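S.K.: Predicted model and sequence below, questions to follow.
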Amino acid sequence: MAKRQRSVRLRILLNPGTGIGPGKADLMEGIDETGSIAAAGRRIGMSYKRAWLLMNALNCDFPQPLIEASKGGKSGGGACLTPLGKEVLATFRNMEALTETAIAPELARLENLQKLHAKRTPCKPKDQGVNDDHLNKAPKPKAEAKPKRKPKPKNKAASKTST
């Protein structure tokens with residue numbers, strides 16, 4: 001059995017709806033290394049559309065853009081971090097490292113508590129008072145589609161002569 005690696009995921013919310021977390025940071029790092037939004041997205045298993053939306057959100061969250069992009073096409077386009085983008089990424093990565101260092105003793109304590117009770121049989125949802133009856137029900141069959149109506153004639157004069 002492979003040993004599970006503990007992890008801490010930091011997400012910073014600067015304002016409601018504004019922030020940076022592992023996904024945006026990984027995307028920024030990928031853009032910095034590859035020079036491409038699409039390539040950066042592929043590296044982390046993210047669609048181009050999602051990567052572009054996150055890039056746009058990052059640019060809107062700060063007073064100046066963090067990422068500059070040029071349109072693709074025959075010339076290839078590309079993207080790069082601005083100096084502010086590089087500073088934001090470095091600051092976030094530093095915050096991640098500081099967080100891991102700060103909580104390491106408590107994380108080790110939590111792991112030890114888990115190991116002490118590892119021999120116990122895991123609870124099932126019903127044992128915890130959770131109602132999971134909806135998981136056992138078969139899905140409802142879809143309603144049959146209604147028959148399509150015949151389109152009305154566009155020309156009123158033509159419809160009057162045909163009757």
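M.R.: Structure received. Residues are numbered from 1 along each chain as shown.

S.K.: Packing partners of the longest helix along the chain?
M.R.: Taking DSSP state H as the criterion, the chain has its longest helix at helix 83-116. The contact analysis (3 or more Cβ pairs under 8 Å, 6 or more residues apart in numbering; DSSP states H and E) places helix 83-116 against helix 22-34. Glycine gets a C-beta too; all of them are placed from N, C-alpha and C.

S.K.: one more time with 10 Å, if that's ok
M.R.: strand 12-15, strand 18-20, helix 22-34, helix 48-61, strand 67-70, strand 78-81 (3 or more Cβ pairs under 10 Å, 6 or more residues apart in numbering; DSSP states H and E).

S.K.: Go through it and flag the buried ones.
M.R.: Gly85, Val88, Leu89, Phe92, Glu96 (16 or more other Cβ atoms under 10 Å).

S.K.: Enumerate every residue touching the third one.
M.R.: Think Leu89. The neighbours of Leu89, taking Cβ atoms under 10 Å, 6 or more residues apart in numbering as the test, are Ile20, Lys24, Ala25, Asp26, Leu27, Met28, Glu29, Ile31, Asp32, Leu58, Leu66, Leu81.

S.K.: want to throw the residues you listed into CSV with pLDDT, neighbour count and distance to Leu110?
M.R.: Formatted as CSV, the contacts of Leu89 follow (pLDDT from 0 to 100; neighbours: other Cβ atoms under 10 Å; distance: Cβ to Cβ, whole Å):
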residue, pLDDT, neighbour count, distance to Leu110
Ile20, 95, 24, 25
Lys24, 95, 22, 27
Ala25, 97, 20, 24
Asp26, 97, 18, 25
Leu27, 97, 24, 30
Met28, 97, 25, 30
Glu29, 97, 17, 28
Ile31, 97, 29, 35
Asp32, 97, 16, 34
Leu58, 94, 24, 32
Leu66, 96, 24, 34
Leu81, 97, 21, 35
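
S.K.: Nearest to Leu107, out of those: which one, please.
M.R.: Among the contacts of Leu89, Ala25 lies closest to Leu107 (Cβ to Cβ), at 20.4 Å.

S.K.: Relative to Lys154, how far out is the closest one?
M.R.: Counting by Cβ to Cβ, to the nearest Å, the separation of Ala25 from Lys154 is 57 Å.

S.K.: same check, this time on Gly72
M.R.: Distance, Gly72 to Lys154, using Cβ to Cβ: 43 Å.

S.K.: okay, these two: which has more neighbours?
M.R.: More crowded of Gly72 and Lys154, by other Cβ atoms under 10 Å: Gly72, with 13 against 7.
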